[in-house]
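Asker: I need the structure of the sequence given here:
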Amino acid sequence: EVQLVESGGGLVQAGGSLRLSCGVSGFTVDDYAIGWFRQAPGKEREGVSCISSSDDSRHYADSVKGRFTISSDNAKNTVYLQMNTLKPEDTAVYYCAAGPNCLRAGQESGYWGRGTQVTVSS
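Answerer: Numbering: from 1, shown residues only. Predicted coordinates:
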């Protein structure tokens with residue numbers, strides 16, 4: 001059974017850091033691209049970052065470049081999103097999703113986690 005489970009969210013002050021984890025079962029992170037997405041209240045879901053082991057690529061939205069870092073631990077079958085210098089506008093529910101490559105990460109409904117809340121206070 002395919003499962004993606006996010007953890008690590010919470011409440012943090014502006015300028016602080018959090019590390020999100022996306023634990024995967026049912027497939028290996030080495031074979032799929034894993035993307036992080038977020039959705040704030042009243043806003044559309046947006047892509048934040050993606051990692052693909054097949055071509056060793058990492059991608060970031062302009063809004064998080066230089067502050068967020070995506071990485072994977074194949075032994076733990078987990079993908080991380082290190083978030084530094086957090087801003088109130090980073091407040092959202094963060095989701096991880098998988099796909100055959102970063103362009104298609106999250107296209108299949110069964111390859112999404114349920115999300116973790118990140119709240120950044122000013």
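Asker: tell me, what residue is most central in the chain?
Answerer: By CA atoms, centre = their mean, the chain has its centre lying nearest to Trp36, at 2.6 Å.
Asker: how about the helix or strand where that one lies: buried residues?
Answerer: When elements are assigned from DSSP states H and E, Trp36 belongs to strand 33-39. Buried residues in strand 33-39, counted by 16 or more other CB atoms under 10 Å: Ala33, Ile34, Gly35, Trp36, Phe37, Arg38. All C-beta atoms are positioned from the backbone trio N, CA, C, and that covers glycine.
Asker: mind checking pLDDT for the fourth one?
Answerer: In this case it means Trp36. On pLDDT, Trp36 comes in at 98.
Asker: wait, it sits on Cys50?
Answerer: Yes: between Trp36 and Cys50 a contact is recorded at 7.2 Å, counting by CB atoms under 8 Å.
Asker: just flag the most distant two among the buried residues of strand 33-39.
Answerer: Spanning the widest gap among the buried residues of strand 33-39 are Ala33 and Arg38, at 17.1 Å by CB to CB.
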